[in-house]
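Engineer: next input, structure requested:
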Amino acid sequence: MATNAAAKTSFHMSPEEFRQQGHAVIDWIADYYKRIESFPVLSPVKPGEIRASLPKEAPAQAELFEEILGDIEKLILPGITHWQSPNFFAYFPCNASGPAILGDLLSSGFGLQGMLWATSPACTELETHVLDWLVTALGLPEKFRSSSTGGGVIQDTASTANFCAVLSARERVTNHGSNRTGTRQKLVAYTSNQAHSSVEKAIRMAGIGSDNLRVIEVDEQFAICPSALAAAVERDKRAGLLPFLVCATTGTTSSNGMDPLAEIGPVCRLHNLWLHVDAAMSGTAMLCPEFRPLQRGIEFADSYCFDPHKWMFTNFDCDCFYVADRKVLIETLSVLPEYLRNKATESGEVIDYRDWHIQLGRRFRALKLWFVLRYYGIEGLRFHIREHVRLAQQFAAWVQEDKHFELVVPPPLNLVCFRLNGSDELNQKLMDALNQSGDLYLTHTKLNGRFVLRMSIAQTNTEQRHVEKAWKRIQEEASRLV
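Structural biologist: Residues are numbered from 1 along each chain as shown. Model (predicted):
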């Protein structure tokens, strides 16, 4: 082996071999999607089982690619929870599609690092253009367009977008003093008790402290109460504190609650509070004009984000983050060392997205989003979103018709919260039995202190038959428990 290695001039994969093995990988992925319903949706492996099947040390000598690909089937597939299964109804969608996967493959093939306009102009300009497309397609305010005072950027996830919004809000209220001297003012922020956990994490990382995040009560639809928000802000101002941010949600994770932006917005304007709107999953629904009333008042937002990687058939990761005033965001995040200086940047005629997020390096995420928008068209995307919502409303109707079940809250879109009549323990048993069967995968939340099952209907290939089968299995397991 040592002699063969010494005789080699390169260990790299040649273009010819890449072509051959690339075909094999594409074939494997296509076959995987054809047989995905044959696998248990939730991986049945025990903790440590995958690692126990792997060698203790990395291979000293090269291995054949055929052997590596073969181990995907043998070693990796048993430990995969199949997020792309049409029987995956847990958490939230994380859907992929053929055009997105192929667009991502091209991005990997380019292997570029798009931190500056100069490091790949197409990476920057396509991103700017595609995000401007989405302003129109989603019915967002014109101020989020790059030709206005704001603009959009692709982040990895809504968690990072939320963090950037918190930082920008902090710097605006302190006139960028916090970046220089640290946070000295007694800043307070506001969100609902249904907001995503990333909001609290962002407040912690920004140096505000979770004790200074006011968690506002919600109404019977699990949306933030504007009157309670206004009262909390007034109370903090009287106490000598400095309110600076409200983080609202269009479609909360637990129940898809819709915060009333049209009522929250004026409170923010009155007190000069930055309004950030997290629309991670439900933002995609705004492609359909009939769902836009759920987001009435979006014109008050200073920043906004949603995840095409949840419901727009664009594989993970891809979050679109918009700001109404890009100058605040850029001044918050820009650090320019000598080694990044270049003529294009100094001309002021280009966007350098490195100043729009936490990390310096960035990949060509816009390519897969561009592929999706062009392959489906807005019409095609609307078709599938409407179908998912229709299926969710149908499922909710079945729940209401069955005396053994309760619909906990009317679903505005594609997430149904329901429970079997009885104790929390009974509902836990029902969920565990369903998930262990491998036939489908559900997760839960707690609403008003009660254990609630969540049926999230938005996977790329979920159809009527999958939802019907899921409801039948739920009823079968429930009948064994009651």
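
Engineer: count of neighbours near Asp439?
Structural biologist: Number of residues near Asp439 (other Cβ atoms under 10 Å) recorded here: 19. C-beta: built from backbone N, CA, C; applies to glycine.

Engineer: verify the stated contact: it with Pro86.
Structural biologist: No: the criterion here is Cβ atoms under 8 Å, and Asp439 misses it with Pro86 at 11.6 Å.

Engineer: flag every buried residue along the top helix by length along the chain.
Structural biologist: Scanning the chain for the longest helix, with DSSP state H as the assignment, gives helix 366-401. Using 16 or more other Cβ atoms under 10 Å as the test for burial, helix 366-401 gives 366-373, 375-376, 381-382, 384-385, 387-389, 391-396, 398-399.

Engineer: same deal with stretch 14-25?
Structural biologist: Of all the residues in stretch 14-25, those buried under the rule 16+ other Cβ under 10 Å are Gln21.

Engineer: put the alpha carbons of it into PDB.
Structural biologist: C-alpha atoms of stretch 14-25 as PDB (Å, rounded to 0.1, in the frame of the first residue of the first chain):
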ATOM      1  CA  SER A  14     -10.800  13.300 -11.500                       C
ATOM      2  CA  PRO A  15     -13.600  15.000 -13.400                       C
ATOM      3  CA  GLU A  16     -14.300  11.700 -15.200                       C
ATOM      4  CA  GLU A  17     -14.700   9.800 -12.000                       C
ATOM      5  CA  PHE A  18     -16.800  12.600 -10.500                       C
ATOM      6  CA  ARG A  19     -19.100  12.300 -13.500                       C
ATOM      7  CA  GLN A  20     -19.400   8.600 -12.900                       C
ATOM      8  CA  GLN A  21     -19.900   8.700  -9.200                       C
ATOM      9  CA  GLY A  22     -22.100  11.700  -9.400                       C
ATOM     10  CA  HIS A  23     -24.600   9.800 -11.500                       C
ATOM     11  CA  ALA A  24     -24.500   7.000  -8.900                       C
ATOM     12  CA  VAL A  25     -25.300   9.500  -6.100                       C
END
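
Engineer: quick one: mean pLDDT over that stretch.
Structural biologist: Across stretch 14-25, pLDDT averages out at 96.

Engineer: stretch 358-371 too?
Structural biologist: Stretch 358-371 comes out at a mean pLDDT of 95.

Engineer: alpha carbons of that stretch, as CSV, please.
Structural biologist: These are the backbone C-alpha positions of stretch 358-371, laid out as CSV (Å, rounded to 0.1, in the frame of the first residue of the first chain):
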residue,chain,number,x,y,z
ILE,A,358,-22.8,37.5,11.8
GLN,A,359,-20.4,35.4,9.9
LEU,A,360,-17.9,36.6,7.3
GLY,A,361,-18.1,33.6,4.9
ARG,A,362,-21.1,32.8,3.0
ARG,A,363,-22.2,30.3,0.3
PHE,A,364,-24.3,30.6,-2.8
ARG,A,365,-27.7,29.9,-1.2
ALA,A,366,-29.6,32.1,-3.6
LEU,A,367,-28.9,29.6,-6.4
LYS,A,368,-31.3,27.0,-5.0
LEU,A,369,-33.9,29.5,-4.2
TRP,A,370,-33.7,30.9,-7.8
PHE,A,371,-34.1,27.4,-9.1
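
Engineer: against Ile224, how distant is the residue most central in space within the chain?
Structural biologist: Residue closest to the average C-alpha location in the chain (Cα atoms, centre = their mean): Asp307, at 4.2 Å. Asp307 sits 21 Å away from Ile224, going by Cβ to Cβ, to the nearest Å.

Engineer: swap in Ser178?
Structural biologist: The spacing between Ser178 and Ile224, counted by Cβ to Cβ, is 26 Å.

Engineer: please say which of the two ends up with more neighbours.
Structural biologist: Ile224 (29 against 21).

Engineer: hang on, the more buried one packs against Ala230?
Structural biologist: No: if you go by Cβ under 8 Å, Ile224 and Ala230 don't touch, sitting 10.9 Å apart.

Engineer: low-confidence regions, the stretch 351-482 of the chain specifically.
Structural biologist: Across the stretch 351-482 of the chain, not a single residue meets the criterion (pLDDT under 70).

Engineer: for Val246, name its beta-bridge partners.
Structural biologist: Tyr190, Leu275 (DSSP bridges).

Engineer: show me how the record splits the protein into domains.
Structural biologist: Using automatic domain parsing, the domains assigned to the chain come out as 12-86, 112-363, 385-481.

Engineer: so of the ones you listed, which one's packed in deepest?
Structural biologist: Ranked by mean neighbour count, those are led by domain 112-363 with a mean of 20 (mean count of other Cβ atoms under 10 Å).

Engineer: and that domain, how far apart are its ends?
Structural biologist: 7 Å (Cα to Cα, to the nearest Å).

Engineer: mind pulling up the pLDDT for Ala5?
Structural biologist: Note for Ala5: predicted pLDDT of 62.

Engineer: before we move on, back to that, with distance to Cys94 as added columns, please give the domains of the chain in CSV.
Structural biologist: Compiled in CSV, the domains of the chain are given as follows (distance: least, Cβ to Cβ, whole Å):
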stretch, distance to Cys94
domain 12-86, 5
domain 112-363, 5
domain 385-481, 9
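
Engineer: closest to Ala100 out of the ones you listed?
Structural biologist: Ranking the domains of the chain by proximity to Ala100 (Cβ to Cβ) places domain 112-363 first, at 4.7 Å.

Engineer: what separates that closest one from the chain centre, distance-wise?
Structural biologist: Mean-position distance between domain 112-363 and its chain equals 13 Å (Cα atoms, centre = their mean, to the nearest Å).

Engineer: now do the contacts for His271.
Structural biologist: 233, 237, 243 (Cβ atoms under 8 Å, 6 or more residues apart in numbering).

Engineer: 6 Å - rerun?
Structural biologist: For His271, the contacting residues are 233, 243, by Cβ atoms under 6 Å, 6 or more residues apart in numbering.

Engineer: next up, phi/psi of it, please.
Structural biologist: For His271, the backbone dihedrals (degrees, to the nearest 10) come out as phi -110, psi 10.

Engineer: circling back to that earlier point, each with direction, which strands does the helix or strand following the longest helix of the chain pair with?
Structural biologist: Moving toward the C-terminus from helix 366-401, the next helix or strand (DSSP states H and E) is strand 405-409. Note on strand 405-409: by DSSP bridges, its sheet partners are strand 415-420 (antiparallel).
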